[in-house]
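Participant: what follows is a predicted protein model with its sequence.
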Amino acid sequence: MVSELDEGRVRRWGGMISTPDNVLQGHIRRSLQDSGCPARLLNELMNYSHERKWPGGLNSLEMRQVNRVCYEQYVTRRVPGRQAVVVLYLENQHMDSPFIRNPGMVLIFAHGID
């Protein structure tokens, strides 16, 4: 289950990949699947792994730069073996609506994930 993944720490929010290609998304999908993520949840999370489906506080470079300080408040789960985190709605209800999707979203990075 995704909520059982180790907590993630993002050191470099500027390393976020906003438009991951299908190959990269496939790697993340397989890692989450191997971690026991249910298929329905996996499909929904992966649907929100691209900026065109992100909430308003993330869906453009300009918005990400303006709102970067808010991202430190996210509770994240690390995708095993990948530079990616899952941001689950149930763990982030303290975030305002422009920063979260239900049931959650996947954020993929070039670097900076512990």
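Facilitator: Great, that's in hand.
Participant: quick one: low-confidence parts of the protein?
Facilitator: Across the chain, not a single residue meets the criterion (pLDDT under 70).
Participant: now do 90
Facilitator: The chain contains residues with pLDDT under 90 at 1-3, 114.
Participant: where exactly do the helices run in it?
Facilitator: Counting by DSSP state H, the chain has helices at residues 22-34, 39-47, 61-67.
Participant: so what secondary structure elements neighbour the first one?
Facilitator: Using 3 or more Cβ pairs under 8 Å, 6 or more residues apart in numbering; DSSP states H and E as the contact definition, the elements that helix 22-34 packs against are helix 39-47, strand 84-88, strand 104-109. Using the backbone N, CA and C atoms, a C-beta is placed for each residue, glycine as well.
Participant: quick one, that helix and helix 39-47 angle?
Facilitator: Per axes from the mean of the first three to the mean of the last three Cα atoms, to 10 degrees, the angle that helix 22-34 makes with helix 39-47 is 150 degrees.
Participant: can you give me the buried ones in helix 22-34?
Facilitator: Using 16 or more other Cβ atoms under 10 Å as the burial criterion, the residues of helix 22-34 that qualify are Leu24, Gln25, Ile28, Arg29, Ser31, Leu32.
Participant: how near is Asp96 to Pro20?
Facilitator: To Pro20, Asp96 is 25 Å away according to Cβ to Cβ, to the nearest Å.
Participant: more neighbours, the two?
Facilitator: Shown here are Asp96 and Pro20; by other Cβ atoms under 10 Å, Pro20 has more neighbours (21 against 12).
Participant: so what's the more buried one up against?
Facilitator: Going by Cβ atoms under 8 Å, 6 or more residues apart in numbering, Pro20 touches Ile28, Ser49, His50, Ile108.
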